[in-house]
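A.B. asks: Got a sequence here, can you build the structure:
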Amino acid sequence: MRNLLARLYSIYAALIFILSFLLIFPFILICIWVPGWKKYGRKINRYWARGYFICIFLPVKIEVAEKIDKHKSYIYLANHFSYLDIAMMGFIPGDVLFVGKASIRKAPLFGYYFKNLHIAVDRDRLKSRAETMKLTDNALESGSSVVIFPEGGIFTKNPPEMIPFKNGAFRLAKDKQIPIIPVTLSYNHLILPDDGKLLVHWRQAKMVLHKPLLPENFDSERSLKEKCFQTIQHQLKIDNS
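C.D. replies: Coordinates of the predicted model:
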């Protein structure tokens with residue numbers, strides 16, 4: 001019975017996702033095509049994400065350790081265990097660009113939207129990685145923030161244990177002196193596990209926005225990376241104990 005309910009809920013969640021995206025897509029197209037309006041497309045994106053969780057009756061508890069200036073640039077770094085993570089990052093305030101895998105661009109409609117409003121990287125191509133760093137740099141210079149999953153994808157085999165972080169985000173933070181905000185997504189691996197079944201299990205979700213890590217307070221990229229990793233992993237341990 002539990003699996004049947006999970007299957008029905010998953011079908012409902014998928015239908016709401018598709019229908020709601022089709023509803024907002026024409027407005028996103030306008031924002032893509034009109035010069036200077038891309039930030040409004042990302043704003044629609046944020047409202048859509050928040051509305052989606054309401055429509056599927058999935059409550060999200062958000063804890064903010066310190067008030068965030070939505071007009072300031074940050075690098076948001078989060079653990080990545082579930083496909084639900086991307087939608088939940090829509091709760092982050094301000095104009096935010098996602099840095100995601102190039103394969104997203106192949107998805108019908110959604111790929112077009114992501115390619116034009118966010119940043120896609122092909123980690124197997126050195127040139128693509130360089131272009132991604134340039135686009136990310138440009139976004140930060142323009143006053144926007146970026147979201148990066150520093151594990152590089154959903155790779156861990158034992159959530160809530162993370163795999164080691166990649167270096168790119170921390171190098172960027174040190175070079176540009178941009179604060180990092182660690183983000184813990186506590187229960188997404190339980191709500192939508194990466195097990196190939198695509199079953200959504202109802203329970204309250206949780207996002208923790210930790211205190212900003214200021215690059216000038218760390219003597220190296222490595223120490224900054226270690227602190228960010230420890231902050232997120234500690235919260236995951238507390239919430240899943």
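
A.B. asks: What ranges does the protein have for its helices?
C.D. replies: Applying DSSP state H to the chain gives helices spanning 2-33, 38-55, 84-88, 110-117, 126-141, 168-176, 188-191, 221-239.

A.B. asks: Can I get those in JSON lines including mean neighbour count, mean pLDDT and distance to Lys70?
C.D. replies: Where C-beta positions appear, they are placed from N, C-alpha and C, glycine not excepted. Shown next, in JSON lines, are those (neighbours: other CB atoms under 10 Å; pLDDT from 0 to 100; distance: least, CB to CB, whole Å):
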{"stretch": "helix 2-33", "mean neighbour count": "14", "mean pLDDT": "95", "distance to Lys70": "19"}
{"stretch": "helix 38-55", "mean neighbour count": "17", "mean pLDDT": "95", "distance to Lys70": "11"}
{"stretch": "helix 84-88", "mean neighbour count": "21", "mean pLDDT": "94", "distance to Lys70": "17"}
{"stretch": "helix 110-117", "mean neighbour count": "18", "mean pLDDT": "92", "distance to Lys70": "18"}
{"stretch": "helix 126-141", "mean neighbour count": "15", "mean pLDDT": "83", "distance to Lys70": "15"}
{"stretch": "helix 168-176", "mean neighbour count": "19", "mean pLDDT": "95", "distance to Lys70": "19"}
{"stretch": "helix 188-191", "mean neighbour count": "21", "mean pLDDT": "97", "distance to Lys70": "23"}
{"stretch": "helix 221-239", "mean neighbour count": "17", "mean pLDDT": "98", "distance to Lys70": "21"}
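
A.B. asks: nearest to Pro159, of those?
C.D. replies: Closest of the helices of the chain to Pro159 is helix 188-191, at 4.0 Å (criterion: CB to CB).

A.B. asks: Other residues contacting the closest one?
C.D. replies: Outside helix 188-191, the residues within contact range by CB atoms under 8 Å, 6 or more residues apart in numbering are 58, 81-82, 84-85, 88, 159-160, 200-203, 205.

A.B. asks: Which one of the residues you listed sits in the busiest neighbourhood?
C.D. replies: Counting neighbours by other CB atoms under 10 Å, Phe81 comes out on top of the contacts of helix 188-191 with 28 neighbours.
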